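[1] from the sequence below, what's the structure:
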Amino acid sequence: MIDYTYIQTQTLDEALMQLFSLVTLLRSEDGCPWDREQDNKSIATSLLDETYEYLDAVLSNNKEEQKEEIGDVALNVMMLLEMHQEHEDFSIVDAINDVCKKLIRRHPHVFSTAKAEDSTQVLDLWNKIKVEVEGKSATEDDFFSRVPTSLPPMEMANEIQKKIRKVGFDWPDKQGVIDKVCEELDEVIEADTAIDRDQDEVEMEVGDLLFAVVNLARYLKVSPSVALHRSNMKMKRRFNALSTLCKERGITLDSAHLEEMDAIWDEVKEGEK
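    This next block holds a predicted model:
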């Protein structure tokens with residue numbers, strides 16, 4: 001047992017240090033077996049999960065849940081910092097100092113005399129600093145070497161497209177992207193309906209269609225992941241409402257009652273307007 005007394009802190013410094021102290025105690029020999037078993041990979045995965053839970057709270061505009069979930073995000077960050085401190089991988093103070101120095105270095109339009117009138121100019125400035133000052137350029141044989149290989153496919157597609165845009169290889173306007181989406185959809189249909197239908201070819205064409213849709217999202221200044229996440233949540237919400245109404249009306253959820261389910265689906269959609 002660890003003798004610990006919680007203190008209601010009043011400042012950010014005190015609050016962050018208390019959280020870090022608690023994480024250190026949980027990871028200690030007398031702490032929690034589950035917390036001690038965690039590693040960088042498991043906590044990084046948890047950090048992603050908690051970030052999406054925070055996003056849910058943001059999308060629902062629930063301030064109380066946002067407060068809870070941002071705390072969980074901070075907890076996972078502290079856990080990762082503690083792990084690196086335990087293994088003496090590097091000084092975590094140095095890691096935080098480095099990001100502070102990077103913020104100042106990459107904002108010469110704020111902390112020095114460089115000029116950037118809008119976000120586009122800011123991004124151009126950042127990219128120039130990354131390459132010319134920090135030496136963060138692609139390897140000679142892989143233009144995309146700076147794109148993390150662990151990214152989920154949708155995020156990777158978005159990053160690949162942004163990298164290509166930086167060197168000017170991009171559609172001149174939005175209509176070209178829309179036409180490309182339509183073209184890729186036609187190719188999916190063509191592959192699927194071919195006399196000598198090849199499942200591998202169908203899969204490739206579906207991938208091309210998804211890549212084109214991600215590109216369209218980028219042109220519309222929409223995060224494809226957030227957009228899909230919102231659609232997933234909408235589908236869950238609507239189908240749960242449909243399920244509840246079917247249960248209330250004695251309608252079984254199966255293909256034999258598709259007509260009734262379609263009618264209730266339209267009713268649920270109408271009720272959301």
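
[2] apart from its neighbours in sequence, what residue is nearest residue 241?
    Once its chain neighbours are removed from consideration, residue 241 has its nearest residue in residue 268; the separation is 4.6 Å (C-beta to C-beta, 6 or more residues apart in numbering). Quick note: C-beta positions are derived from backbone N, CA and C, even for glycine.

[3] so what secondary structure elements neighbour the helix or strand harbouring the one you found?
    Residue 268 belongs to helix 258-271 when assigned by DSSP states H and E. For helix 258-271, the contact count by 3 or more C-beta pairs under 8 Å, 6 or more residues apart in numbering; DSSP states H and E identifies helix 224-248 as packing neighbours.

[4] which elements pack onto the helix it packs on?
    Contacts of helix 224-248 with other secondary structure elements, assessed using 3+ C-beta pairs under 8 Å, 6+ apart, are made with helix 40-59, helix 153-166, helix 199-219, helix 258-271.

[5] now the nearest residue to residue 18 once chain neighbours are set aside: how far from residue 83?
    Of all residues not flanking residue 18 in the chain, residue 9 sits nearest, at 5.7 Å (C-beta to C-beta, 6+ apart). Using C-beta to C-beta, to the nearest Å, one gets 24 Å for the distance from residue 9 to residue 83.

[6] the nearest residue in space to residue 224 that is not next to it in sequence: how many residues sit nearby?
    What sits nearest to residue 224 in space, not counting adjacent residues and going by C-beta to C-beta, 6+ apart, is residue 217, at 4.1 Å. The burial count assigned to residue 217 is 21, neighbours taken as other C-beta atoms under 10 Å.

[7] which residues does residue 217 contact?
    Listed by C-beta atoms under 8 Å, 6 or more residues apart in numbering, the contact set of residue 217 reads 158, 223-224, 227.

[8] of those, select the buried ones using a ChimeraX command.
    One line in ChimeraX is enough to select the buried members of the contacts of residue 217, burial here meaning 16 or more other C-beta atoms under 10 Å:
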select :158,223,224
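
[9] which of the contacts of residue 217 lies closest to residue 205?
    When the contacts of residue 217 are compared for distance to residue 205 (C-beta to C-beta), residue 224 wins out at 18.6 Å.

[10] from memory the closest one sits against residue 156, does it?
    No. Counting by C-beta atoms under 8 Å, residue 224 does not reach residue 156; the two are 11.0 Å apart.

[11] what is the least confident helix or strand in this protein?
    For the chain, scoring each helix and strand by mean pLDDT, DSSP states H and E identifies helix 119-132 as the least confident one, at a mean of 86.

[12] which residues are contacting that one?
    By C-beta under 8 Å, 6+ apart, the list of residues contacting helix 119-132 from outside reads 105-106, 108-109, 114-116, 136-137, 166.

[13] change it to 7 Å
    Counting by C-beta atoms under 7 Å, 6 or more residues apart in numbering, helix 119-132 makes contact with 105-106, 109, 114, 116, 136-137, 166, all of which sit outside it.

[14] kindly report the same for stretch 188-199.
    Residues external to stretch 188-199 that are found in contact with it (C-beta under 7 Å, 6+ apart): 201-202, 205-206, 209.

[15] between the helix or strand that contains residue 70 and helix 40-59, how many degrees?
    Take DSSP H and E as the rule and residue 70 turns out to sit in helix 63-86. Here helix 63-86 runs at 160 degrees with respect to helix 40-59, directions being taken by axes from the mean of the first three to the mean of the last three C-alpha atoms, to 10 degrees.
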